[in-house]
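# Sharing a model prediction with you, sequence too.
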Protein chains: 2
Amino acid sequence: MMWQLDFILTWHSDYFFINYTMFGEIITIGNELLSGRTPDINGWYAAGRLTASGLRVQRITTVGDDIEKAKNALKEAIKRSEFVIITGGLGSTEDDITNEIVAEVLNRPLRLNKEMFSRIKRFVNRRGIKMSPSMEKMAWMPEGSKLLNPKGIVCGFSIEIDHTILFFLPGVPDQMKHLMDKVVIPMLIERYQTLPVVRQRIIKVFGISEPQIAEKFKGLTKSKSNISFGFYPQFPENHITITIRGKDEAEILMQMDEVEQEIRKILGYYVFAVGNDSMEAIVGRLLKEKGLSLSTAESCTGGLLGNMITDVPGSSRYFKGGIVAYSNEAKHGLLDVSTRTLREHGAVSEQTVKEMARGVKELFRSDIAVAISGIAGPEGGSSEKPVGTVFICLASDKLIDARRFYFMGTREQIKRQSAMMALDFIRRYINGYPILPGI
Amino acid sequence: MMWQLDFILTWHSDYFFINYTMFGEIITIGNELLSGRTPDINGWYAAGRLTASGLRVQRITTVGDDIEKAKNALKEAIKRSEFVIITGGLGSTEDDITNEIVAEVLNRPLRLNKEMFSRIKRFVNRRGIKMSPSMEKMAWMPEGSKLLNPKGIVCGFSIEIDHTILFFLPGVPDQMKHLMDKVVIPMLIERYQTLPVVRQRIIKVFGISEPQIAEKFKGLTKSKSNISFGFYPQFPENHITITIRGKDEAEILMQMDEVEQEIRKILGYYVFAVGNDSMEAIVGRLLKEKGLSLSTAESCTGGLLGNMITDVPGSSRYFKGGIVAYSNEAKHGLLDVSTRTLREHGAVSEQTVKEMARGVKELFRSDIAVAISGIAGPEGGSSEKPVGTVFICLASDKLIDARRFYFMGTREQIKRQSAMMALDFIRRYINGYPILPGI
């Protein structure tokens, strides 16, 4: 694995970010984050949104539901940063304690926020419940704080101190994300509009390994100082980010298109998406465009392929269904794989997977069918067909084509790579690209 | 959602941890963590392992691949904590810079570690590659540092300074996890063996909402001061942790069993697992024990149920396979759902799901069959059958039983709840528990 490590370390960099001047940071508060119960999704989300907006996060600090520790983290952050995003709960009387900490650290007394108080009143009235002291306390906020949300009673406010702006957001991820996207990011962009414009684009590739990508990328990296590349393995895909910094958005986007074209040229058909599209969404779009229907025959993936295909809204327009033929009986009885094929070549073989594809295509009367049969492990391997051996076949009216692959990893990883490869098979077939050769 | 929030805040607490004396912290280093490309999985993992071992994490700090910022974070942590775990990369010459930072912060010169140097030599010789300067640099370590791994060249070392012990681990998650589990945790437990013993147990429940659990838990919470409960929604499950602290392991485990029994008494059949077992593993074990085979007919879940079932190694012993009947044609043609049923009741109906279950049971000649048909959205809902309406049916030789459910959430969440409910249906059926009534 050394080469992989070296490679990641070399490529995995956002070098030029060191030129930023607007440093911010994130504080996430919650015992569940320190006890390892929950990963810090809020910190991750906020960091991603800030970076994508051209702002620089210099630190993420996580502390527990502890007034003193939260106060210290806040004090330190104010000294270091131009903006601070604080998310999260401080125990059962969250609003109360957050406000108290802020009031103490910033030396600002609590005042009743009339707007918030009337929102809370409306909220309890509409529900016919009684105003509780803890509800009322939500309306007591540090002097000078501004409500973030234009309506509703989700708590969140900003306050400014010594040229640092602080944003206090709830710890509930949906509420936090909403305020982050709709209020905090626009406020920060407005505030720092003299900042350079930064745009990022993600290129998703599949079927090519990291060192192969590295090899192809040689020469491209030292192009221009305002362009940086990031390299991120997202199993079983690889993502490449292009980040471009400049003064003018239109100019950046033109440059971005050029760089994308360059990358597409060197990575060719391995590029399956630009932006946030998943492989299954790309394949779905292709099937819809061509008016083709699809069916699947799965053995070792056990339904994963169908599950991925149907994660795409509207997939019922092209996906007719599938057979999970986990037993030889099912392969024979339902998909009409001949007993002779099963006996002579085994359930994991080119012959079987071809008959599976043909069988399911006929059963569902689909234009395209894909079939997968392999050994996901941890048991069932042999020296001839070790764990990870997977056959994938695509059948259409015009052809039937099967390939043998050898995937590494856990049971789940082998399943995942198999399903992705089957989707990629469809993508390449419809686009007229060469199919990956397998082994 | 207010009640839910309140509830989580009340229950979601590791109160008694404040009694700990051994404070530690975690520093994770990497630009990808600050740019939001990658969530901080290493910090999360380390926090969980430390907490589960009875140690207390007081802060997690994330900084970028920046020497000055990493140095500052390290200096602050040493002042605050008894132990510090540092993970992660510092750019292309990671080992070099990590070592340099440590040497500077701790004021210790770099020395050639002979053991590491000979490991690296063996490594390059075996591979027939040349010793590079960056490879050699891995063997230069701060004076007084100890290699963590007994063999191999994965870098990782510990060093002690002013009563604080520091652990430097690689940023590659697998390597980090390995060293954490095999070396760091045992070393810390050995070091702080006078600490109270802490044991945690997870109770997993499904099919009961948070406020219902809260209601049932009333009275149980104020039991004993050395016992604490944690409440963690893990969609679509709910997890309850029991944490007990004491002097004697045997005594704690006895108390743990008692508390578990108490919880099982109040939550009854909603408890589906204790510990790390998944619902699909539990169902698999039950099927194996009873010698029963299973088949599935899926519509809206699109293969997710089969995928979950086949994530369990050895599932081919009881899972015969399934039909993903995404179209009405497939429901009729393959599962023998009558056209009249489809016309009169629709694809999402009790009648259809019953015929699907019966049909798939016959096709696969399985002892048990489950069928799912519903509207996962975002489109396809009506006022009579809104998005989230799902019918689930179990058919055995003895009975055929269908229920209607109404699930909330995104397309993926509705699929997920449906598949879980179908598995829970099987669990309850085999155990002879009452089946959840649906709506």
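Thanks, I have it.
# For the rest of this, base every contact and every neighbour count on C-alpha atoms.
Fine.
# now the angle between strand B:319-325 and the helix or strand harbouring A:Ile323, please.
In this assignment (DSSP states H and E), A:Ile323 forms part of strand A:319-325. What separates the directions of strand A:319-325 and strand B:319-325 is an angle of 170 degrees, with axes from the mean of the first three to the mean of the last three CA atoms, to 10 degrees.
# Give me the contact list for strand A:319-325.
By CA atoms under 8 Å, 6 or more residues apart in numbering or on different chains, the residues outside strand A:319-325 that reach it are A:293-299, A:302-303, A:306, A:309-310, A:331, A:334, A:360, A:364, A:366, B:302, B:306, B:320-327, B:330.
# quick one: whichever residue of the stretch 201-350 of chain A sits closest to chain B from B:Gly322, how far?
Across the stretch 201-350 of chain A, the shortest distance to chain B (CA to the nearest CA) belongs to A:Gly303, at 4.0 Å. According to CA to CA, to the nearest Å, A:Gly303 and B:Gly322 sit 8 Å apart.
# now do A:Ala46
Distance, A:Ala46 to B:Gly322, using CA to CA: 42 Å.
# Over to A:Ile323?
Counting by CA to CA, the gap from A:Ile323 to B:Gly322 is 6 Å.
# circling back: spit out the contact partners of the residue of the stretch 201-350 of chain A closest to chain B.
Contacts for A:Gly303 (CA under 8 Å, 6+ apart) come out as A:324, B:302-307.
# Quick check on the closest residue to it other than its chain neighbours: phi, psi?
What sits nearest to A:Gly303 in space, not counting adjacent residues and going by CA to CA, 6 or more residues apart in numbering or on different chains, is B:Gly303, at 4.0 Å. For B:Gly303, the backbone dihedrals (degrees, to the nearest 10) come out as phi 120, psi -10.
# just A:Thr87 next, same as before
Torsion angles, degrees, to the nearest 10, at A:Thr87: phi -120, psi 150.
# Beta-bridge partners for it, please?
A:Thr87 forms beta bridges with A:Thr28, A:Leu169, as assigned by DSSP bridges.
# I'd like to know how many residues surround it.
25 (other CA atoms under 10 Å in any protein chain shown).
# got it, and A:Val172?
By the criterion of other CA under 10 Å, A:Val172 has 15 neighbours.
# tell me the pLDDT at it?
A:Val172 carries a pLDDT value of 82.
# Excluding residues flanking it in the chain, which one is nearest it?
A:Gly88 (7.2 Å).
# Now the terminal residues of stretch A:325-343, how far apart.
End-to-end for stretch A:325-343, by CA to CA: 16 Å.
# Stretch A:287-297 now?
Using CA to CA, the span of stretch A:287-297 from its first residue to its last is 18 Å.
# So is that stretch next to chain B?
No. Contact of stretch A:287-297 with chain B (CA under 8 Å from any CA of the partner chain) is absent, the minimum separation being 8.8 Å.
# what's that stretch in contact with?
Here stretch A:287-297 makes contact (CA under 8 Å, 6+ apart) with A:305-306, A:317-325, A:356-357, A:360-361, A:364, A:366-372, A:430.
# what comes up buried for it?
A:287-288, A:292-297 (16 or more other CA atoms under 10 Å in any protein chain shown).
# Farthest-apart pair in these, please.
Checked with CA to CA, those reach their widest spread between A:Lys288 and A:Ala297, with 20.3 Å between them.
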